[in-house]
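[1] coords please:
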Amino acid sequence: MKKKIFQKTKMINFNRKWHLILLIILLLTIGPRPDESLYTSAQENQQDEPSESYYVDTNQQGIFPLPVELKDNVEFWKKIYTKYSSDEVIIHDNRYMNIIYTNIDFGYLKDEDISDREKERIRSRKIKEVKENYKRMLLRLSKKDLDINNLNDDEKRIYGLYAKIEDRDKFVMDRRGKRIRAQAGQKEFFIKGLIDSGEYLSEMERVFEEYDLPIELTRLTFVESMFNPYAYSKYGAAGVWQFMKATGKRYLAMNRIIDERLDPLLSTVAAARFLTKNYESLGNWPLAITAYNHGDRGMMKAVEKANSSHLPEIINNYNSRRFGFASRNFYAEFLAALNVVNNYKAYFGDIPIKPLLRFDVVQLEKGIFVKDIERYCDVTRDEIKRLNPALLKEVIESRLSFPKGFILRVPEGKKEAFQKGLEAFSAKYVARKKKEEKGEADKIKGLFGDSKGVSF
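    Numbers count the residues shown, from 1 in each chain. Purely as a prediction, here's the structure:
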């Protein structure tokens with residue numbers, strides 16, 4: 001697999017306008033790489049079976065090392081991404097990720113004639129019931145006077161799962177009782193993300209190359225959003241890169257017209273800048289990637305408290321309520337997603353990856369509504385929405401107009417016709433304005449005649 005060694009450089013502080021201009025030039029002037037498939041840039045020779053050749057197990061010098069302490073975590077997330085659907089909920093130990101107690105299949109609910117709300121209630125009740133059952137088992141197994149001969153069959157099965165773990169506190173619950181965790185599968189979402197990613201991924205890689213970043217980092221979008229440009233989290237994060245509002249405003253335009261967090265290309269420029277900052281602050285990619293979830297200041301504090309820059313040591317020794325399950329597993333999820341994306345045929349077979357999204361770019365010389373673009377420029381609202389995902393609903397539905405100077409993507413090959421349509425709209429607009437002005441003048445003339453003034 002091709003390896004790109006990250007070279008630490010001082011980032012040039014372009015303002016947003018120049019980033020936009022440079023990105024447009026990049027998109028318009030560089031075509032696809034000849035004779036290359038979408039995913040071979042990170043792994044040039046596609047393997048028939050899943051490969052871990054990009055991992056470095058024997059030391060920590062690799063660009064994305066897989067520490068032995070995180071192997072079970074990575075394997076767990078690979079199963080979540082490739083084996084289990086969203087109808088299946090895995091009940092597992094969040095301390096020892098290789099221990100899966102059971103999986104609950106809720107596929108039968110699809111055929112039930114009940115509301116989605118009721119289906120969710122059934123899922124929640126069942127998950128809670130099963131988790132409580134395994135908590136009781138762990139509590140019993142943690143007793144010092146445990147008599148193995150008095151265990152029932154299910155307790156013996158669970159006891160056997162921990163047989164190779166030497167930690168004497170292996171059955172002890174944590175303070176907040178979150179030892180037993182439920183995780184829904186994501187297989188169908190991962191497949192859909194792979195299919196949709198074809199429209200953008202190779203161009204996102206080019207952006208990362210421009211920033212001297214490893215192109216494999218673009219696979220973080222699968223961990224964050226399963227490559228859904230319109231993904232919103234319950235905490236307010238948005239887009240394929242899941243930028244929060246506060247962070248997004250540092251790098252992207254967010255106003256009544258657009259939210260650039262929703263644009264996979266523009267948000268990739270922001271992600272490149274953000275990841276560069278993390279790497280410069282923390283010095284290695286396991287920490288910099290974890291900081292994408294936990295924040296660079298949070299990770300610097302973790303490094304200081306744990307007195308180590310080795311991620312597994314931080315995971316094991318740093319105790320903070322904010323450094324929870326999501327942060328502890330973020331790097332492992334990335335390694336799992338990287339493996340699955342780069343070997344997707346081995347996991348899913350041939351799937352219809354979408355072709356690269358192509359478009360032309362025009363700058364609007366006048367303000368205009370989407371409805372007028374449809375009328376004069378032979379471009380539909382759906383085409384505008386698809387090519388310009390950052391546009392907000394008010395603009396798409398013509399409740400707000402594009403401002404003068406707005407840079408708009410239009411279907412490839414329609415730029416000239418689009419501009420002629422804009423000229424026709426402008427001429428019609430000018431003619432209508434003149435007619436309105438003449439109507440006002442005629443109205444005044446009717447009231448006061450041809451007199452240029454009024455005599456008293």
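
[2] check Arg176 and give its pLDDT.
    pLDDT recorded at Arg176 is 65.

[3] do Leu447 as well
    57.

[4] try Leu26
    44.

[5] with Lys452 instead?
    Reported pLDDT for Lys452: 52.

[6] quick one: the strands in the stretch 101-250 of the chain?
    180-184 (DSSP state E, counting those that start in this stretch).

[7] typed the wrong thing, it's the stretch 251-400 of the chain
    359-363.

[8] the helices in it, which residues?
    264-282, 285-294, 296-306, 311-317, 325-342, 344-348, 370-377, 381-387, 393-396 (DSSP state H, counting those that start in this stretch).

[9] columns mean pLDDT and distance to Arg168 on top of these, output as JSON lines?
    Every residue, glycine included, has its C-beta placed from N, CA and C. Below are the helices of the stretch 251-400 of the chain laid out as JSON lines (pLDDT from 0 to 100; distance: least, C-beta to C-beta, whole Å):
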{"stretch": "helix 264-282", "mean pLDDT": "97", "distance to Arg168": "34"}
{"stretch": "helix 285-294", "mean pLDDT": "97", "distance to Arg168": "29"}
{"stretch": "helix 296-306", "mean pLDDT": "96", "distance to Arg168": "23"}
{"stretch": "helix 311-317", "mean pLDDT": "95", "distance to Arg168": "16"}
{"stretch": "helix 325-342", "mean pLDDT": "97", "distance to Arg168": "22"}
{"stretch": "helix 344-348", "mean pLDDT": "97", "distance to Arg168": "38"}
{"stretch": "helix 370-377", "mean pLDDT": "94", "distance to Arg168": "66"}
{"stretch": "helix 381-387", "mean pLDDT": "96", "distance to Arg168": "58"}
{"stretch": "helix 393-396", "mean pLDDT": "96", "distance to Arg168": "57"}
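
[10] and the gap between the closest residue to Arg273 other than its chain neighbours and Asp378?
    Among residues not flanking Arg273 along the chain, Tyr251 sits closest, at 5.8 Å (C-beta to C-beta, 6 or more residues apart in numbering). Distance check for Tyr251 against Asp378: by C-beta to C-beta, to the nearest Å, it reads 35 Å.

[11] so for these two, which sits in the more crowded spot?
    Counted by other C-beta atoms under 10 Å, Tyr251 and Asp378 do not tie: Tyr251 has more neighbours, with 21 against 15.

[12] is that one in contact with Leu275, as I believe?
    No. Look at Tyr251 against Leu275 with C-beta atoms under 8 Å: they stay out of range, at 11.3 Å.

[13] mutual contacts of these two, please.
    Listed as contacting both Tyr251 and Leu275 by C-beta atoms under 8 Å, 6 or more residues apart in numbering is no residue at all.

[14] quick one on the thing from earlier: quick one, which of the helices of the stretch 251-400 of the chain gets closest to Tyr162.
    Each of the helices of the stretch 251-400 of the chain has some distance to Tyr162 by C-beta to C-beta; the shortest is helix 311-317, at 17.9 Å.

[15] and that closest one, what does it pack against?
    Here helix 311-317 touches helix 285-294, helix 296-306, going by 3 or more C-beta pairs under 8 Å, 6 or more residues apart in numbering; DSSP states H and E.

[16] let me have the ones you listed in a markdown table, extended by distance to Arg95 and mean neighbour count.
    Shown next, in a markdown table, are the helices and strands packed on helix 311-317 (distance: least, C-beta to C-beta, whole Å; neighbours: other C-beta atoms under 10 Å):
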| stretch | distance to Arg95 | mean neighbour count |
| --- | --- | --- |
| helix 285-294 | 18 | 24 |
| helix 296-306 | 17 | 17 |
